[in-house]
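Undergrad: Following is a predicted model, sequence given first.
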Amino acid sequence: MQQYATHIYRNGVILTMDSRCSVVSCLAVNGETILAAGSEQDVAAFRNAATETVDLQGRTMLPGFYDAHSHFMRAGMYNRYYLDLNPYPIGDIRTHDDIRRKVRAALEKLPEGEWLLCSGYDDTAVAEARHFTLAELDELAPRHPLFLRHISGHLALCNSRAFAAAGIDRRTPNPAGGVFRRNGDGGLTGLVEEPAAMEMVLHAAPQMTEEKWLGAVERATADYVAKGVTTAHDGGVTTAMWQNYMTAHARGMLKNRVQLLPKHGQYDFSLAPTSRCGTTLTADGMLSMGAVKLFQDGSLQGYTGYLTNPYHVPPADGTGDLWRGYAIYPLHELISIVTDYHRKGWQVAIHGNGDAGIDDILTAYEAAQKDYPRADARHLVIHCQTAREDQLDRIARLGVVPSFFAVHTYYWGDRHRDIFLGEDRAVRIDPLRSALERHIPFTCHNDTSVTPIDPLLSVWSAVNRLTSSGRVLGPAQRIPVLDALKSITIWGAYQFHEERTKGSLEPGKLADMVVLGENPLTVAPETLKDIPITATIVGNRLVYGSLAG
């Protein structure tokens, strides 16, 4: 029986991102499913008296942007409930005094003893280029517990009130995979490293309620669709978050689709209906199952990324000139964890920034495949920041998908070159060209809430590799615009086994689209990040912007 289009989008520049990267002018859609993509003549057979015609007026349509890695619900939480201490160019913080000013203004509104939670703090982005001392934190907030979450998400600063509320003192041992930094006398410095230690402090802070979680979803979904994201990811969902996602969905709060990645150690796997990544969890396809999320190291800009060779400029906390960061798990333990998930059919996504951490991750994947061979597992290295050429060879051989944090070149590129890695290693962060030459399908992401959700900024970074000071970092690793667009569309869907339903505008796939004010293939490359999002469409439903002229 002939299917007719409920909608025909016409008179546009439609970049389908199919295997031939076809560019067409019309798209026929029935309900939430694409019927045809082509010329006016190609879609004419799908038109009847009830078909609604949408004139794109020459604008550019692409598959909706695919967020390859972020923390959707927590991004909404930080943006809605935490004090914003983001530095330039994300925010307006440039000095310690800027932070003091914002914190003191916020504390004036809080009753004595209430917690002040802050996010976006970055010690190397301020003029002082150092952390606050514990004494400075206590002076800043003498009557309130204070928690400054580092922009990387892998560090925090806490004052004495926060430590006391959590029952943490100089005698408290470091948790597995986390560190309470101490001075030469064994006293706490205020610096807390990695989620295992940070969560021990936050356990004493006011906990997220259902109302607050739902408020976080409301904020996140508004932020994401405004940037053209039709499928988002939540890389590390706890049991509580899972339950609140189901509530948010039942209340019709989601505007974009979200894939949920259970967090190892913090998720009740009896809730998981399947281990198959990409399986829809709701009848309307708004929620789907993702990979299991683990961490094997931390952040390069927090000195917790695990490197083979020492950091270029050692940290100023007395750890020594040969400091290389550290692994979250001993290698034998990581292999055991990964093998168990792999054996059960799970896709695994592991955070790895430093090349030593990436070595461990690839060794674990290799061991799991050796013991339990499985075709097309598509295990992931999340961030893959300092991957060496030999590691990319292993990635290609193992069929692993790297998801690169390409906007690192913009936000931290200058500091990677001058402080953390030195010139030789810094020019190779996010080695997209090297991956492309090996025919590795890769993705690019914003790691929101670490940086704001903005897929076009990822494209701009992949193409230009400009730092925030305007310098090019590693011109040999720049890639063409079309390949950068693949990293946020069809390769994004491939990464999580969703390429049969998403990622390109082809018959049978979901009608998830974004409409841009300009064509990214024809604008000057340095202006890619400035292209306006004029409409975001999920399942053929307008969720942001306007389709009118």
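TA: Perfect, thanks for sending it. Everything numeric in this text was worked out from a predicted model, so none of it was measured.
Undergrad: tell me the secondary structure for D376?
TA: Following DSSP: H, G, I helix; E, B strand; the rest coil, D376 is assigned to coil.
Undergrad: Am I right that it is in contact with G399?
TA: Yes: counting by C-beta atoms under 8 Å, D376 does reach G399; the two are 6.9 Å apart. Where you see a C-beta, it was placed from the backbone N, CA and C, and this is true even at glycine.
Undergrad: Give me the domain ranges for the chain.
TA: 1-58+505-549, 73-202, 210-289, 297-479 (automatic domain parsing).
Undergrad: where in the stretch 251-400 of the chain is pLDDT low?
TA: For the stretch 251-400 of the chain, applying pLDDT under 70 flags the ranges 318.
Undergrad: hey, where'd the strands end up in it?
TA: 257-262, 287-289, 292-295, 348-352, 380-383 (DSSP state E, counting those that start in this stretch).
Undergrad: Can I get those in JSON lines including mean neighbour count and distance to P89?
TA: Converted to JSON lines, the strands of the stretch 251-400 of the chain look like this (neighbours: other C-beta atoms under 10 Å; distance: least, C-beta to C-beta, whole Å):
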{"stretch": "strand 257-262", "mean neighbour count": "26", "distance to P89": "28"}
{"stretch": "strand 287-289", "mean neighbour count": "22", "distance to P89": "33"}
{"stretch": "strand 292-295", "mean neighbour count": "25", "distance to P89": "27"}
{"stretch": "strand 348-352", "mean neighbour count": "28", "distance to P89": "24"}
{"stretch": "strand 380-383", "mean neighbour count": "28", "distance to P89": "20"}
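Undergrad: So which of these is nearest I395?
TA: Evaluated over the strands of the stretch 251-400 of the chain, closeness to I395 peaks at strand 380-383, with 7.0 Å, by C-beta to C-beta.
Undergrad: packing partners for the biggest strand by length in the chain?
TA: In terms of residue count, the longest strand belonging to the chain (DSSP state E) is strand 229-237. Strand 229-237 is packed against strand 65-66, helix 72-81, helix 239-250, strand 257-262, strand 292-295, strand 533-538, with contacts defined by 3 or more C-beta pairs under 8 Å, 6 or more residues apart in numbering; DSSP states H and E.
Undergrad: hey, which of these is tucked in deepest?
TA: Among the helices and strands packed on strand 229-237, the stretch with the highest mean neighbour count (mean count of other C-beta atoms under 10 Å) is strand 65-66, at a mean of 30.
Undergrad: average pLDDT across that strand?
TA: Regarding strand 65-66, the rounded mean pLDDT is 98.
Undergrad: List the pairing partners of that strand within its sheet, with orientation.
TA: Sheet pairing of strand 65-66 (DSSP bridges) gives strand 229-237 (parallel).
Undergrad: Output the partner strand as PDB, nothing but the C-alphas.
TA: The C-alpha coordinates for strand 229-237 follow below in PDB (Å, rounded to 0.1, in the frame of the first residue of the first chain):
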ATOM      1  CA  VAL A 229      20.900  18.100  19.500                       C
ATOM      2  CA  THR A 230      18.200  15.600  18.800                       C
ATOM      3  CA  THR A 231      19.900  12.700  20.600                       C
ATOM      4  CA  ALA A 232      21.800  13.400  23.800                       C
ATOM      5  CA  HIS A 233      23.700  11.100  26.100                       C
ATOM      6  CA  ASP A 234      24.100  10.700  29.800                       C
ATOM      7  CA  GLY A 235      27.400   9.100  30.400                       C
ATOM      8  CA  GLY A 236      27.100   7.700  33.900                       C
ATOM      9  CA  VAL A 237      23.500   7.200  35.100                       C
END
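Undergrad: didn't V54 look like it was pressed against N11?
TA: No: between V54 and N11 there is no contact under C-beta under 8 Å: 9.0 Å.
Undergrad: In terms of packing, which of these two has more residues around it?
TA: Between V54 and N11, counted using other C-beta atoms under 10 Å, V54 has the larger neighbour count: 20 against 15.
Undergrad: so how far is the first residue of stretch 8-18 from its last?
TA: End-to-end span of stretch 8-18 (C-alpha to C-alpha, to the nearest Å): 19 Å.
Undergrad: Let's test this: mean pLDDT of it, rounded?
TA: pLDDT averaged over stretch 8-18 gives 98.
Undergrad: Tell me which residues of it come out buried.
TA: I8, Y9, R10, G12, V13, I14, L15, T16, M17, D18 (16 or more other C-beta atoms under 10 Å).
Undergrad: I'd like to know how far Q41 sits from I382.
TA: Distance of Q41 to I382, computed by C-beta to C-beta, to the nearest Å: 44 Å.
Undergrad: can you check L140 too?
TA: L140 is 34 Å from I382, by C-beta to C-beta.
Undergrad: Same check on R143?
TA: Taking C-beta to C-beta, one finds R143 at 40 Å from I382.
Undergrad: before we move on, back to that, okay, the angle between the longest strand of the chain and helix 239-250?
TA: 150 degrees (axes from the mean of the first three to the mean of the last three C-alpha atoms, to 10 degrees).
Undergrad: Return the distance of strand 229-237 from the chain's centre.
TA: 8 Å (C-alpha atoms, centre = their mean, to the nearest Å).
Undergrad: again with stretch 323-334
TA: 22 Å.
Undergrad: now do the same end-to-end measure for that stretch.
TA: For stretch 323-334, the end-to-end distance is 22 Å (C-alpha to C-alpha).
Undergrad: what residues does that stretch touch?
TA: Residues outside stretch 323-334 that contact it (C-beta atoms under 8 Å, 6 or more residues apart in numbering): 177, 194, 294-298, 300, 303-311, 314-315, 337, 354, 356-357, 360-361, 363-364.
Undergrad: same question, stretch 358-378
TA: 277, 296, 306, 308, 327, 329, 331, 334-335, 337-339, 342-343, 345, 347-348, 350, 352, 379, 381, 384, 386-387, 391, 394-395, 398-401, 494-497.
Undergrad: that older thread, of the helices and strands packed on strand 229-237, which approaches T443 most closely?
TA: Where these are weighed against each other on C-beta to C-beta, the nearest is strand 65-66, at 7.6 Å.
Undergrad: Where do the helices of the stretch 351-500 of the chain begin and end?
TA: 355-371, 389-398, 408-411, 413-415, 423-426, 432-437, 455-464, 481-486, 490-495 (DSSP state H, counting those that start in this stretch).
Undergrad: Mind listing what's buried along the fourth one?
TA: By neighbour count, and taking 16+ other C-beta under 10 Å as the criterion, the buried residues in helix 413-415 are G413, D414, R415.
Undergrad: quick one on the thing from earlier: dump the domains of the chain to a markdown table, plus distance to D67.
TA: Output for these, formatted as a markdown table (distance: least, C-beta to C-beta, whole Å):
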| stretch | distance to D67 |
| --- | --- |
| domain 1-58+505-549 | 12 |
| domain 73-202 | 10 |
| domain 210-289 | 4 |
| domain 297-479 | 7 |
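Undergrad: returning to what we had before: for the contacts of stretch 323-334, which PyMOL command selects only the ones that are buried?
TA: To isolate the buried subset of the contacts of stretch 323-334 in PyMOL, counting by 16+ other C-beta under 10 Å, use the following:
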select buried, resi 177+194+294+295+296+297+298+300+303+304+305+306+307+311+314+315+337+354+356+357+360+361+364
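Undergrad: on that earlier part again, what's the closest of the buried residues of helix 413-415 to G517?
TA: G413 (27.6 Å).
Undergrad: Counting neighbours, what do you get for the residue lying closest to the closest one once chain neighbours are set aside?
TA: Leaving out its chain neighbours, the residue that sits closest to G413 by C-beta to C-beta, 6 or more residues apart in numbering is T467, at 3.7 Å. Using other C-beta under 10 Å, T467 has 21 neighbouring residues.
Undergrad: Surely T467 and D418 touch.
TA: No: counting by C-beta under 8 Å, T467 sits too far from D418 to count as a contact (10.2 Å).
Undergrad: what touches both of the two?
TA: Joint contacts of T467 and D418 (C-beta under 8 Å, 6+ apart) do not exist.
Undergrad: still on that earlier bit, between the longest strand of the chain and strand 533-538, how big is the angle?
TA: Using the same axes, to 10 degrees: strand 229-237 against strand 533-538 is 70 degrees.
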